[in-house]
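[1] pasting the sequence and the predicted coordinates here, then a few questions.
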Amino acid sequence: MLAFSLALCAIAGWWVDPSRLDWQPSLAAREPWRAITAAAVHYSPLHLAANLAGAALVGALGVVARVPARIVLAWLAAWPLTQLGLLLRPELAHYGGLSGVLHAGVAAAALWLLVHERGRRQFIGGAILAALALKVLGEAPWGPALQWREGWDIAVAPWAHASGAACGLSCALLSLIVPPVPSHAD
């Protein structure tokens, strides 16, 4: 459901001036809501289409992995934290898109599989986490804040992917460490 909601936000945001919603570190203290609305900003039709496809894939991963509500809530918590992580790269004056938040969702679901499952499903969770780590490291997030990639009509912000993966992993780990609140049935 969260992946579907993110996709709807992205579609709705397509018709809004990006400068009203995107992440801008200079406005973080005055307009903190941009840590949420930045996910609705897409700078080209290709950017939007790729992130909508990504949302569908992350949503499918969550369904197949049978992630519980606490992992979905961890992903939800990672959403604004992903953009707050961009404060570490202040030269990234504007940021928009779902990709960082989608990386958070992949990390959370994969950690769930790795920790909660056994056998083949546990192996798949570990393989997804390893592939995610290789992807993020291969993008050199410590390099230029914006990087042009062949096939893209916008610059990519690898630090957003790294921030999302780290926030998703951290929030999911915290959700697994903190015991669930017991229900009080009378």
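    Right, received. Where do you want to start? Numbering: from 1, shown residues only.
[2] quick check: buried residues in the least confident helix or strand in the chain by mean pLDDT?
    Least confident helix or strand of the chain, by mean pLDDT, DSSP states H and E, is helix 2-13 with a mean of 92. In terms of neighbour count (16 or more other CB atoms under 10 Å), helix 2-13 has its buried residues at 2, 3, 6, 7, 9, 10, 13. Using the backbone N, CA and C atoms, a C-beta is placed for each residue, glycine as well.
[3] could you do stretch 108-121 as well?
    108, 109, 110, 111, 112, 113, 114, 116, 117, 121.
[4] contacting residues around that stretch?
    58, 61-62, 65, 67-68, 71, 74-75, 78, 122, 124-126, 128-129, 132, 168-169, 171-173, 176 (CB atoms under 8 Å, 6 or more residues apart in numbering).
[5] quick revisit: max pairwise distance over the buried residues of stretch 108-121: which two?
    108 and 121 (15.4 Å; CB to CB).
[6] just the buried residues of the contacts of stretch 108-121.
    Here, 16+ other CB under 10 Å leaves 58, 61-62, 65, 67, 71, 74-75, 78, 124-126, 128-129, 132, 168-169, 171-172, 176 buried among these.
[7] contacting residues for the residue lying closest to residue 27 once chain neighbours are set aside?
    Leaving aside its sequence neighbours, residue 27 sits nearest to residue 34 (CB to CB, 6 or more residues apart in numbering; 6.2 Å). Counting by CB under 8 Å, 6+ apart, residue 34 touches 21, 22, 23, 24, 27, 28, 83.
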